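> coords below, sequence missing:
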Ligand SMILES: [Zn+2]
């Protein structure tokens, strides 16, 4: 997982941006994020779109340790609660027309 730090003001972004929303800078350096974060909010989706072969899906927004927020699926057995520590993994989140789409899947840290 990468973050993108503005060379002009130092603000970290995720995902990548063309223009910094703080200073309008246009140059960024890539930084590896450690993948650890805190679950800010989540929802459980019962009526899933085609390509997701699960009865329900938990989806969350995570504040990474470096400060940026990242959204992704949750793969957590048991109770899910805001404030819990999670870790990002990457995996197949949907299959559309035979094509696997990957994304972030957060697991309990
Ligand atoms: Zn900036």
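Perfect, I can see it now. Small disclaimer: the values here were computed from a predicted structure and weren't measured. Numbering: from 1, shown residues only.
> Would you confirm that residue 19 contacts residue 25?
Yes. Using Cβ atoms under 8 Å, residue 19 is in contact with residue 25, at 7.4 Å. Backbone N, C-alpha and C define where each C-beta goes, glycine included.
> between those two, who's got more neighbours?
Taking other Cβ atoms under 10 Å, residue 19 and residue 25 do not tie; residue 25 has more neighbours (17 against 12).
> can you pull the pLDDT of residue 51?
Model confidence at residue 51, expressed as pLDDT, equals 81.
> Next: the one 3 residues further on.
Among the per-residue scores, residue 54 shows a pLDDT of 83.
> my guess is it contacts residue 48, does it?
Yes. If you go by Cβ under 8 Å, residue 54 and residue 48 touch, sitting 6.6 Å apart.
> per-domain residue ranges of the chain.
What automatic domain parsing lists as the domains of the chain is 1-32, 34-108.
> what about the first one and the ion, touching?
Yes. With Cβ under 5 Å from the ion as the threshold, domain 1-32 lies in contact with the ion, specifically through 6, 8, 9, 11, 20, 22, 23, 25.
> Identify the residue nearest the second one in space, chain neighbours excluded?
Nearest residue to residue 8, sequence neighbours excluded (Cβ to Cβ, 6 or more residues apart in numbering): residue 25, at 3.3 Å.
> Thanks again, I'm all set now.
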